[in-house]
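> with the input below, show me the fold.
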Amino acid sequence: MNKVEVLKKEKDGLDVWKDVLRYAEAGFESIEEGDFDRMKWYGLYRQKPKDSGYFMMRIKVPGGVVTQDQLRVIADLTDQYGRGFADVTTRQTFQWHWLTIQDIPDIISRLDAVGITTMGACGDIARNVVACPVAGLHAGEVMDVRPAVNALHEFFKGNYEFSNLPRKYKLSVTGCPEQCCQPEIHDFSLIATVDPATGELGYGLRAGGGLSTQPHFGQWLDAWFTPDQVTDAARAVTTIFRDYGYREKRTHARLKFLMADWGPEKFREKLVELLGYDPRRVPESAPGNVYRDHVGVNKQKQDGLNFIGLSVLTGRVTGEQLRHLANIAKVYGSGDVRTTHMQNMLLPNVPDANVAGALVALKAAGFDYEGHPVRRGAIACTGNEFCNLAITETKERMIQIVTHLEKRVPFDRNLRINMNGCPNGCAQHAVGDIGLQGCKARVPGYAEQVEAYDIHLGGALGKDRSFTRAIHRKVPADKVALALENLLSGFNGSKQDGEEFNTWVRRHSDEELDAFLGVQTIIGAPDAPQRAGKDAEVAGV
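Residues are numbered from 1 along each chain as shown. Sure thing, here's the model as predicted:
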C-alpha cells in the first residue's frame, strides 16, 4: 500500500477530530505528521510553506445554497481569522487561508451552529455535492434537484461506510437544460431526465469523470432512477469505487481509471448486482454547445421574480462584501445566496420592483453583474500564493490578464479562461475554451528560470465535448496576456457569423492556432513551439 493507504488503515480520517482539539491546545508543533493528511477529512490543508503554522480550510455548501445567517457567519470568520478575504471555489463552496490550529475549534463550532460542516470537504471521501446554482429557479429546468442534493449530502455526512475511498470522490446533480454543474467531469453525476416511455421525472447516471493530467469524461450508464432511488444509486456506485478502485498508486486511484478499464457495460453489470434491481434504460442526456454561466439579470420561472448572477473575478471576496451581500439578500431578495461552479455568486428571488435597487446596492458593494465576457468566464486556482503543489501564481496573474484583454480586445462571444498553477486541474483547464497550466521555463532573453504557462485551447462540454489541446508550452507568464490578445484578435478577424470561440478553435490546426498566438514574435524566440513532454500528476490534492 502507498503511504496514504497505510495512514488510513491505522486511523480513519473522520477519527482525527479529537486529535485536532488536542493539537489546538498543544500548538502546531505537537501535530503528528500523519494527522496532517487526516485533517483533510475536515477540510484542512497545510498552507504554503508547510511549516508556516497556517492552514487553508474548505467548508461544504451543498448545491451552493447559503442562507443569510450562514453568510453572515462566513463573513465574520473571514474577517476574524482569514485576514479579510475568502475564495469561492469551483465546487460552489468557500475556503479560507491564514488559519492557525488554535482557531479551528471556534471556527467549527460557529459553523455547526448555522448548519455548515467541513466534514468531507477534502480527503479520500465524498466531497461537496455541487448542483445547478439556479435549481428551483430556472424556467426550463427538468425539475428542482435540491431535494436530491440534500439527500446525498446527508447520506455521506460522517458516513464511515464510505470514509475511506481510494481517492477524492466528486458528485454533482443537475436539473437545468445547460447542465451547468458539469456532470461530464465528475465521479458521480445525476442528470434530471424525463423517461420518454412514461413521462416520469427521474435521474440518468453518468460516472467516472475526472481531470488532471489524464482527463476522462464520465460515461453514461444507461440507468434511470426515480427521485427516491437517489441514494441507492450513490451507494452502489460508491461501493464499486471503494471495493474495486485502485489503491496501489495515488496517481492511478480515481474512479475514472477503473471505468476506463472496465467500460460502462461491465460497470453497469456490477451496479445492477449491488442494487438488486435493473434500472430502466433511457437515452443519453447532454446539451449542445451551451454556455454555463447565469451572470446578469435573469427571469425566474416564478412570475415577477429574478435572479442576478454576479461575476466574482478569481472567486476572491472580502468579508465586508459578503456582509453587504447578506444585507442585500435580506432587503431585495429572499435572504439566501447561491455560489456557482465558475467561482461566481448569485442573488435569487428578487422581485421585479426590487431589481433596480438591488443593482445599485450590488455595484456599491463591488459586485459586477454585467461583466466583459473575458471577466465573467475567468477561473483561477489557489496558486503558489498558498498551495504547496502549485508552481505558479494564479489569482493576481488572472486579474492582470483579464484587465489587459478587457482594455485591448472587443469581444462579444462566450469565453472561459481556466488558469491552473500546476497539472492537477483544480481550475479545470482541460475543459476551458482557453486552458492555462503553470510551469517553469528557461526562455531566451530571460536571465533566470521564470514562471510560465502552457497554453491549451479547445475545451468543450455537452454533446461535442472535447479536452483542450496543448498549442504552445512554456510561455512566460508576463507574456500570456499579449499572446491571448493576439489570439482573440485573430478570432475576431476570422470568425464566421454566430461562431463561438470553441467551434472556431475546432476548425483550425494546432499550427494555425499557434500562429494566431504569435508567441515567438512576442518574446523574440526563434525556436519552434514546445509541445513535447508529459507532466506528472501530483497526488496530494
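> quick check: which element contains Ser489?
Under the criterion DSSP states H and E, the helix or strand holding Ser489 is helix 480-494.
> which other residues reach that helix?
Helix 480-494 is contacted from outside by 374, 397, 400-401, 404-405, 408-411, 413, 415, 417, 434, 436, 453, 455, 457, 472, 475, 501, 504, 513, 516-519, 522, using C-beta atoms under 8 Å, 6 or more residues apart in numbering. Quick note: C-beta positions are derived from backbone N, CA and C, even for glycine.
> tell me which residues in it are buried?
The neighbour-count criterion (16 or more other C-beta atoms under 10 Å) identifies 480-491 as the buried residues of helix 480-494.
> from Ile401, how far off is Arg375?
10 Å (C-beta to C-beta, to the nearest Å).
> those two - which one has more neighbours?
Ile401 (25 against 21; other C-beta atoms under 10 Å).
> with adjacent residues omitted, what lies nearest to that one?
Leaving out its chain neighbours, the residue that sits closest to Ile401 by C-beta to C-beta, 6 or more residues apart in numbering is Ala481, at 4.5 Å.
> any idea how far that neighbour lies from Pro373?
16 Å.
> coming back round to it: let me know the closest of the buried residues of helix 480-494 to Glu320.
Taking C-beta to C-beta as the measure, Glu320 lies nearest Ala481 of those, at 29.2 Å.
> low pLDDT regions in the protein?
Within the chain, the stretches with pLDDT under 70 are 524-541.
> need the residue closest to the centroid of it.
By C-alpha atoms, centre = their mean, the chain has its centre lying nearest to Thr90, at 2.4 Å.
> and it, which helix or strand is it part of?
Counting by DSSP H and E, Thr90 is part of no helix or strand.
> which helices and strands does the lengthiest helix in the chain pack with?
In the chain, taking DSSP state H as the definition, the longest helix is helix 255-275. Helix 255-275 is packed against strand 201-207, strand 219-225, helix 230-244, with contacts defined by 3 or more C-beta pairs under 8 Å, 6 or more residues apart in numbering; DSSP states H and E.
> comparing those, which comes out most buried?
Among those, strand 201-207 has the highest mean neighbour count (mean count of other C-beta atoms under 10 Å), at a mean of 25.
> now the helices and strands packed on helix 255-275 as JSON lines including distance to Leu99?
As requested, the helices and strands packed on helix 255-275 are exported to JSON lines (distance: least, C-beta to C-beta, whole Å):
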{"stretch": "strand 201-207", "distance to Leu99": "34"}
{"stretch": "strand 219-225", "distance to Leu99": "39"}
{"stretch": "helix 230-244", "distance to Leu99": "30"}
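> quick one: closest of the ones you listed to Tyr369.
Between Tyr369 and these, the tightest spacing by C-beta to C-beta is seen for strand 201-207, at 31.7 Å.
> and the contacts of that closest one?
142-143, 148, 173, 183-184, 186-195, 218-221, 223-227, 229-230, 233, 237, 255, 259, 267, 279, 282, 284-285.
> repeat that for stretch 500-520.
Identification of contacts with stretch 500-520 by C-beta under 8 Å, 6+ apart yields 289, 413-415, 433, 455, 457-460, 466, 469, 471-472, 475, 479, 483-484, 486-487, 490-491, 494-496, 525-527, 529, 531.
> pull out the buried members of those residues.
Buried by 16+ other C-beta under 10 Å: 413-415, 433, 455, 457-460, 466, 469, 471-472, 475, 479, 483-484, 486-487, 490-491, 525, 529, out of the contacts of stretch 500-520.
> quick revisit: can you flag which of the contacts of stretch 500-520 belong to helices?
483-484, 486-487, 490-491, 494.
> out of those residues, which one sits closest to Lys18?
Nearest to Lys18 among the ones in helices among the contacts of stretch 500-520 is Leu484, at 49.7 Å by C-beta to C-beta.
> just confirm Leu313 contacts Gly377, I think it does.
No. Using C-beta atoms under 8 Å, Leu313 is not in contact with Gly377; the gap is 10.4 Å.
> tell me the buried residues within the contacts of helix 480-494.
By 16+ other C-beta under 10 Å, these give 374, 397, 401, 404-405, 409, 411, 413, 415, 417, 434, 436, 453, 455, 457, 472, 475, 501, 504, 513, 516-519, 522 as buried.
> what's Glu38 in contact with, if anything?
Actually, residue 38 is Arg rather than Glu. By C-beta under 8 Å, 6+ apart, Arg38 lies in contact with 7-8, 11-13, 15-16, 19, 123.
> buried subset of those residues?
7-8, 13, 16, 19, 123.
> which one of the residues you listed sits closest to Gly309?
Gly123 (31.1 Å).
> which strand or helix spans the closest one?
Per DSSP H and E, there is no helix or strand for Gly123.
> cool, Asp87 as well?
Assessed by DSSP H and E, Asp87 sits inside strand 85-88.
> show me what that strand is in contact with.
The contact list for strand 85-88 (C-beta under 8 Å, 6+ apart) reads 74, 78, 94-97, 312, 314-319, 322, 339-340, 343-345, 382.
> among those residues, which ones are in strands?
With DSSP state E as the criterion, strands contain 94-97, 316-318, 339, 345 from among those.
> do you know how far Gly43 is from Thr67?
19 Å.
> and these two? Which one has more around it.
Under the neighbour definition other C-beta under 10 Å, Gly43 and Thr67 were set side by side, and Gly43 has more, 28 against 17.
> any idea how far Arg91 is from Gly13?
Separation of Gly13 from Arg91 (C-beta to C-beta) stands at 18 Å.
> should've said Ala483
Taken as C-beta to C-beta, the span from Ala483 to Arg91 is 30 Å.
> what of Glu511?
37 Å.
> of Leu313 and Gly377, give the one with the bigger neighbour count.
Gly377 (26 against 21).
> appreciated, that's everything.
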